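Trainee: sequence first, predicted coordinates after that:
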Protein chains: 2
Amino acid sequence: MTDKKADILAVAKAARVSPSTVSRSFNHPDLVKPSTRKRIDRAVRRLGYIRNRAAQTIHGIRSGTIGLIVPTIDQAIFAELIQSFSDAVEETGFTILLASHGYSLDREYALTRKMLEHRVDGIALIGLDHASDTYELLAQQNTPALLLWNYAEDAPLPCVGSDNYRAGHLIGAHIAALGHRRIAAVFPPLHGNDRAAQRLEGLTDAVLANGGTPDILQRETPYSVADAKQAVAELMASPRRPTAIVCGNDVLAWGALHALARLGISVPDQVTVTGIGDFHGSQDFEPALTTVRIPARAIGARAAQTMTAMITTEAPAQSLALPPELIIRATSAPAST
Amino acid sequence: MTDKKADILAVAKAARVSPSTVSRSFNHPDLVKPSTRKRIDRAVRRLGYIRNRAAQTIHGIRSGTIGLIVPTIDQAIFAELIQSFSDAVEETGFTILLASHGYSLDREYALTRKMLEHRVDGIALIGLDHASDTYELLAQQNTPALLLWNYAEDAPLPCVGSDNYRAGHLIGAHIAALGHRRIAAVFPPLHGNDRAAQRLEGLTDAVLANGGTPDILQRETPYSVADAKQAVAELMASPRRPTAIVCGNDVLAWGALHALARLGISVPDQVTVTGIGDFHGSQDFEPALTTVRIPARAIGARAAQTMTAMITTEAPAQSLALPPELIIRATSAPAST
DNA sequence: AATAGTAATGCAAATGTTTTCATAACTGCG
DNA sequence: CGCAGTTATGAAAACATTTGCATTACTATT
């Protein structure tokens, strides 16, 4: 009801104590007499006082926020990660400052700056590949920073994620072992996306290692069911049809599966399809999708732990590799030669 | 390289001007001589100075953050909304403080408080149904607040969204017009979810209005493809099979479709399936899903506009109804009596 | 060359907290 | 009842900025 927002001074006056005592009653309740605490609490409630974290923050007190910068929010890949990261982080009282850059490393730099202006206590980025400006900025400000989703031993900052090269390799080996040689790789644009690039690399290496000179038809398509569906429809219309379609992620694979359903091409009898990611829904797809599981929830949760540890203890963080795992379900089968 | 973080004073010293001038050079560049501005800029760059928004915020300057509190992040429904809201909001320089409460109105209240502590410039919640504490808090702090996703004329706060009752009604009318009488409603838990509740209500009303006494079998299932698949499998095993399965949202419908594919039941010849939402992917599903489009992107974008308008001009905001739209695709057909 | 007018800068107060240090108010003990 | 030892509170400085007002430095005009 008060028109001017209540501050700690108003509360102090109302409770007939000094501002210091009010502050203490919030931050070190054990230091203030229960009876005065009661009085203060009543005043707080009556005035609708809410602490001002901005004012605390300029005392070097932590802001209680963690910056999370992702390429996109709406595209299933990261949604699970964001959710679990956010959940875990919230448990320790932090709040997430979220932003997305649409795979532009320049925007990512700008967003990082903005987060730093807000004095986030820590900052998390997706993937290992970032503008050198971004790395410099982070180093210079010495804000705890963490790289999510991808993993590499020699990452320039601590990271928590799966080795995407290995994920691609896993699929490649599986496909090659099944005897496939004419393979279509349906991948998202590789630019600014180290995860996809590494998966493709792993895939190619594995196929090469396991079976002479394969014939990999690479096909870039935006990240969506619709685009993948279209791409695969075109692919199957070509004279030299692939016997296997390996997709850069599960969403693309769903598109592929729909395209094949539409064309009446049977999976896996006539063509094998694989994804990467093992998103919600892949298991229950009909037919169930063979894929490589990237443990998004675990990554998010562990990353949150690592991050809060970095923030509260000043210790430098350990990178953490959550291994990808090949999940063979119903969409892959030996090549019908 | 400096170990202590540079503040405006350090910059001032380095540029041989007063702190005031540095501040002005940031906030009112036109008031400071180009040559001194140059000097300041150089100092800023050299010291790696980054403005401290916390310190600005206590001057009554806006914090530049908007709180967004959603039930869940990872479950496709809201991902698109969050993305478009975030994109639009970012364009005007704001950053999003995100949190999710898992459909608990109590947690929502707590999160709202937390956002207020961070002095967000505005706050957005999902749906119309909130704890009375939450409403009081918002009213008392007179922070601009906006309700997203759902729409009602008599909403207690300005809202931007679709009328979910109408969405349900649209589907119900469609189903009834097709002659379906034995209908299964596969919905998410209604508790703490006014959107789902209203959809169901609209559905029931429409069916009742259009065709005698229908036989609606209601079935609550958690929000996931897997659960819906399971639920529908059970449903179809019952002696009195429904001729239509209307799902509370598209994800549930996907699960239903997979279940039916598995059982070899043909859609829409043997059974009709519908969703609500028209998420990414529904259009390209095979068969393409009949659903009601809730324009998530538009809602996010318009909501962001409304919100920033509320913040910058102090004017009270107008609610905005983005109408749901029936989208008939390939999963619905007349009841085969 | 003096003056008025404007442009650029600096000083100091203010913002809403926390925290150190000092002081005041209580205990219990002899 | 006086004293040491706690326990509870207050005063004031500090935090990193912004801003109103005062001052200084220019520019143009006569």
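Mentor: Looks like it arrived, so ask away.
Trainee: mind checking how far A:Arg293 is from A:Leu217?
Mentor: For A:Arg293, the distance to A:Leu217 (C-beta to C-beta, to the nearest Å) stands at 26 Å. Backbone N, C-alpha and C define where each C-beta goes, glycine included.
Trainee: ok, now A:Ala76?
Mentor: With distances taken as C-beta to C-beta, A:Ala76 is found 25 Å from A:Leu217.
Trainee: ok, A:Thr36 next?
Mentor: Distance of A:Thr36 to A:Leu217, given as C-beta to C-beta: 76 Å.
Trainee: neighbour count winner among A:Ala76 and A:Leu217?
Mentor: Between A:Ala76 and A:Leu217, counted using other C-beta atoms under 10 Å in any protein chain shown, A:Ala76 has the larger neighbour count: 25 against 16.
Trainee: so that one: helix, strand or coil?
Mentor: Secondary structure state of A:Ala76, per DSSP: H, G, I helix; E, B strand; the rest coil, is coil.
Trainee: flag every buried residue along stretch A:314-334.
Mentor: Neighbour counts using 16 or more other C-beta atoms under 10 Å in any protein chain shown place A:317, A:319-320, A:322, A:324, A:326-327, A:329, A:331-333 of stretch A:314-334 among the buried residues.
Trainee: now, which of those residues lie within strands?
Mentor: Cross-referencing the buried residues of stretch A:314-334 against strands under DSSP state E gives A:320, A:326-327.
Trainee: closest to B:Ala256 out of those residues?
Mentor: Within these, proximity to B:Ala256 (C-beta to C-beta) peaks at A:Ile327, which comes in at 23.6 Å.
Trainee: pretty sure the closest one sits against A:Ala288.
Mentor: No. A:Ile327 lies out of contact with A:Ala288 (C-beta atoms under 8 Å); the separation is 9.1 Å.
Trainee: which residues of chain A lie near DNA strand C?
Mentor: For chain A, the residues found near DNA strand C under the criterion C-beta under 7 Å from any atom of the strand are A:5, A:7-9, A:19-20, A:22-24, A:26-27, A:49, A:51-52, A:55-56, A:58-59, A:61.
Trainee: in ChimeraX, how would I select the buried members of those residues?
Mentor: With 16+ other C-beta under 10 Å as the criterion, this ChimeraX line picks the buried residues out of those:
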select /A:5,7,8,22,23,24,26,49,51,52,55,56
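Trainee: show me what contacts A:Arg166?
Mentor: By C-beta atoms under 8 Å, 6 or more residues apart in numbering or on different chains, the contact list for A:Arg166 reads A:202, A:323-324.
Trainee: try it again at 7 Å.
Mentor: Residues touching A:Arg166, when contacts are defined by C-beta atoms under 7 Å, 6 or more residues apart in numbering or on different chains, comprise A:202, A:324.
Trainee: if we ignore the residues flanking it in sequence, what's nearest A:Pro295?
Mentor: Using C-beta to C-beta, 6 or more residues apart in numbering or on different chains and skipping residues adjacent in sequence, the residue nearest A:Pro295 is A:Leu322, 5.0 Å away.
Trainee: actually A:His191, sorry about that
Mentor: In space, not counting the residues next to it along the chain, A:His191 is nearest to A:Tyr103; the distance is 7.3 Å by C-beta to C-beta, 6+ apart.
Trainee: could you do A:Gln83 as well?
Mentor: Leaving out its chain neighbours, the residue that sits closest to A:Gln83 by C-beta to C-beta, 6+ apart is B:Asp74, at 3.6 Å.
Trainee: isn't A:Thr92 right next to A:Thr308, touching?
Mentor: Yes. A:Thr92 sits in contact with A:Thr308 when judged by C-beta atoms under 7 Å, with a separation of 4.9 Å.
Trainee: who's more crowded, these two?
Mentor: Looking at A:Thr92 and A:Thr308 with other C-beta under 10 Å, you find the greater number of neighbours at A:Thr308, namely 20 against 15.
Trainee: what mean pLDDT does the helix or strand containing the more buried one have?
Mentor: Secondary structure here is read from DSSP states H and E; on that basis A:Thr308 sits in helix A:296-312. In this model, helix A:296-312 carries a mean pLDDT of 97.
Trainee: next: stretch A:243-263.
Mentor: On average, stretch A:243-263 scores 97.
Trainee: so for that stretch, what gets flagged as buried?
Mentor: Applying a neighbour-count criterion of 16+ other C-beta under 10 Å, the buried positions in stretch A:243-263 are A:243-261.
Trainee: packing partners of the helix-or-strand element of chain A with minimal mean pLDDT?
Mentor: When the helices and strands of chain A are scored by mean pLDDT, DSSP states H and E, strand A:215-220 comes last with a mean of 84. Packed against strand A:215-220 by the contact rule (3 or more C-beta pairs under 7 Å, 6 or more residues apart in numbering or on different chains; DSSP states H and E) you find strand A:182-187.
Trainee: without its sequence neighbours, what residue ends up closest to A:Arg297?
Mentor: Excluding the flanking residues, the one nearest A:Arg297 by C-beta to C-beta, 6+ apart is A:Ser84, at 4.4 Å.
Trainee: could you list every helix and strand in contact with whichever strand or helix holds the one you found?
Mentor: Secondary structure assignment for A:Ser84, by DSSP H and E: helix A:79-91. Packing contacts for helix A:79-91, counted by 3+ C-beta pairs under 7 Å, 6+ apart, involve strand A:65-70, helix A:296-312, strand B:95-100.
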